[in-house]
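Asks: here's a sequence, model it:
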Amino acid sequence: MKLYEYQAKEIFQDYNIPVPGAEVAENPAEVQSVAEKLGSSVTLKAQVLVGGRGKAGGIKFADSPGEASQLAEELFALKIKGLPVEKLLVEEKLAIEKELYLGLTIDRSEKKPVLMVSSEGGVDIEEVAETSPDKIIKSHLSPEKKLELYQLREIISELPIPHRYLSKLAYIAGQLYRLFQEKDAQIAEINPLALTADGIMAADAKLVIDEDALFRQSEFSGPEEDLPYVELEGNVGCIVNGAGLAMSTMDTLLHCGGEPANFLDIGGGASAEVMAKALNKVSHHAGVESIFINILGGITRCDEVAKGILQTLDKVEVPVVVRLRGTNEKEGVKILQEEGLEVERSMTAATEKAISVAKE
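Replies: This next block holds a predicted model:
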């Protein structure tokens with residue numbers, strides 16, 4: 001479960017990780033008001049759950065509240081990798097002297113968390129790994145052992161930075177690791193971690209929570225978190241009822257030359273509300289270019305599925321391909337056709353169509 005930057009920074013503050021003064025705004029007037037309150041040059045940052053927003057024009061700098069309002073209008077009209085910008089984080093502009101990278105993730109080959117620090121902050125860590133792997137310091141950590149501050153200092157001391165920053169940087173790394181463990185995170189990342197004349201500041205924040213651990217993390221639980229969902233790397237979103245049908249749907253996609261973007265099973269007897277939640281969830285997956293809804297109704301009623309699709313369809317910005325078979329099939333097909341949505345009967349034909357419209 002990915003969090004927005006502003007959400008991650010709120011959690012950072014709970015762990016005494018320093019972040020710039022900031023507020024979230026939902027329209028240009030609010031942006032101007034926040035900029036006036038901060039009383040200095042500000043950074044406007046689009047809040048979207050995808051990377052590469054800087055390259056896409058999703059980060060801008062303003063020297064006055066009026067300029068901030070003007071730039072906000074541009075940002076709210078922007079789409080980044082297909083996602084609309086609905087919120088901006090308005091924060092104090094930092095006078096950065098040096099950018100570092102600090103992050104934690106799970107090294108599945110070692111079955112341990114790995115702490116990574118680099119003097120090359122501000123760019124994708126994957127890019128640094130390819131071009132300058134020697135500039136990334138990695139240290140595998142033992143979850144059952146306490147990580148002492150002196151150990152963190154030893155790791156971080158290899159960075160080419162002024163000595164005066166080491167103790168504070170080690171403390172921040174220790175707090176990030178505590179957050180990583182206590183919040184059941186899969187990724188906790190600060191990129192860049194900014195060195196300024198006043199100290200160290202988390203200029204950005206990325207936090208991904210393990211969805212299988214959400215029963216322990218009630219603060220993150222939302223209305224869609226009870227749906228079995230696994231994010232994959234393809235571009236065709238999949239919504240099905242039943243794990244067996246889900247596997248056969250993904251197999252058929254691969255056989256026909258496509259690639260699934262996720263696994264999502266709405267289960268037997270799914271209501272219109274559950275279907276709507278599922279469609280909403282898959283539509284927010286940044287890599288999805290089409291959505292394939294494949295329903296074989298037994299306990300699940302096709303007319304309920306159709307009603308759920310229509311509840312959310314107007315908010316979905318990629319093509320949706322539907323196959324309905326089974327209980328109340330005729331009623332479900334009629335509901336969708338009356339709204340101009342064609343329904344496929346053949347699984348192969350529906351699969352090929354989902355792949356085709358994704359390419360288009």
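Asks: in the stretch 151-300 of the chain, which spans are helices?
Replies: Secondary structure of the stretch 151-300 of the chain (DSSP state H, counting those that start in this stretch): helices located at 166-182, 243-255, 272-283.
Asks: which of the three states applies to residue 51?
Replies: coil (DSSP: H, G, I helix; E, B strand; the rest coil).
Asks: against residue 191, how distant is the spatially closest residue to it that is not a sequence neighbour?
Replies: The shortest distance from residue 51 to any residue other than its chain neighbours is 7.2 Å, reached at residue 124 (C-beta to C-beta, 6 or more residues apart in numbering). C-beta coordinates here come from the backbone N, C-alpha and C atoms, glycine included. Using C-beta to C-beta, to the nearest Å, residue 124 is found at 8 Å from residue 191.
Asks: neighbour-wise, which of those two wins?
Replies: residue 191 (23 against 14; other C-beta atoms under 10 Å).
Asks: quick check, the more buried one in contact with residue 125.
Replies: Yes - under the contact definition of C-beta atoms under 8 Å, residue 191 touches residue 125, with a separation of 6.8 Å.
Asks: okay, and the common contacts of these two?
Replies: By C-beta atoms under 8 Å, 6 or more residues apart in numbering, residue 191 and residue 125 have these common neighbours: 101, 103.
Asks: can you get me a residue count around residue 10?
Replies: So residue 10, with other C-beta under 10 Å, has 16 neighbours.
Asks: who's in contact with it?
Replies: So residue 10 contacts nothing (C-beta under 8 Å, 6+ apart).
Asks: give me the phi and psi for it.
Replies: The phi/psi pair for residue 10 (degrees, to the nearest 10) reads phi -60, psi -40.
Asks: and it, how far from residue 359?
Replies: For residue 10 relative to residue 359 (C-beta to C-beta), the value is 40 Å.
Asks: where does the stretch 151-300 of the chain dip in pLDDT?
Replies: Flagging of the stretch 151-300 of the chain using pLDDT under 70 yields the residue ranges 221-226.
Asks: if we can go back for a sec, quick check: the residue nearest to residue 51 vs residue 44, distance?
Replies: Residue 124 sits 21 Å away from residue 44, going by C-beta to C-beta.
Asks: same question for residue 115.
Replies: 31 Å.
Asks: sketch out the strands for the stretch 201-350 of the chain, chain order is fine.
Replies: 206-209, 229-231, 236-240, 262-264, 290-297, 320-326, 343-344 (DSSP state E, counting those that start in this stretch).
Asks: what helix or strand is residue 12 on?
Replies: Element membership for residue 12, per DSSP states H and E: helix 5-14.
Asks: kindly apply the preceding question to residue 116 instead.
Replies: Going by DSSP H and E, residue 116 is in strand 112-118.
Asks: that strand: which residues count as buried?
Replies: Neighbour-count burial for strand 112-118, counted by 16 or more other C-beta atoms under 10 Å, picks out 113, 114, 115, 116, 117, 118.
Asks: likewise for stretch 304-311?
Replies: Neighbour counts over stretch 304-311 (16+ other C-beta under 10 Å) mark 304, 305, 306, 307, 308, 309, 310, 311 as buried.
Asks: ok, now stretch 71-91?
Replies: Neighbour-count burial for stretch 71-91, counted by 16+ other C-beta under 10 Å, picks out 71-72, 75-76, 78, 80, 82-83, 85, 87-91.
Asks: repeat for stretch 90-110
Replies: For stretch 90-110, the neighbour count (16+ other C-beta under 10 Å) marks 90-92, 94, 96, 98-105 as buried.
Asks: out of these, list just those in strands.
Replies: 90, 91, 92, 96, 98, 99, 100, 101, 102, 103, 104, 105 (DSSP state E).
Asks: okay, domains of this protein per the record?
Replies: As assigned by automatic domain parsing, the chain contains the domains 21-92, 96-219, 229-359.
Asks: so can I have CSV of those domains showing distance to residue 6?
Replies: Below are the domains of the chain laid out as CSV (distance: least, C-beta to C-beta, whole Å):
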stretch, distance to residue 6
domain 21-92, 5
domain 96-219, 8
domain 229-359, 17
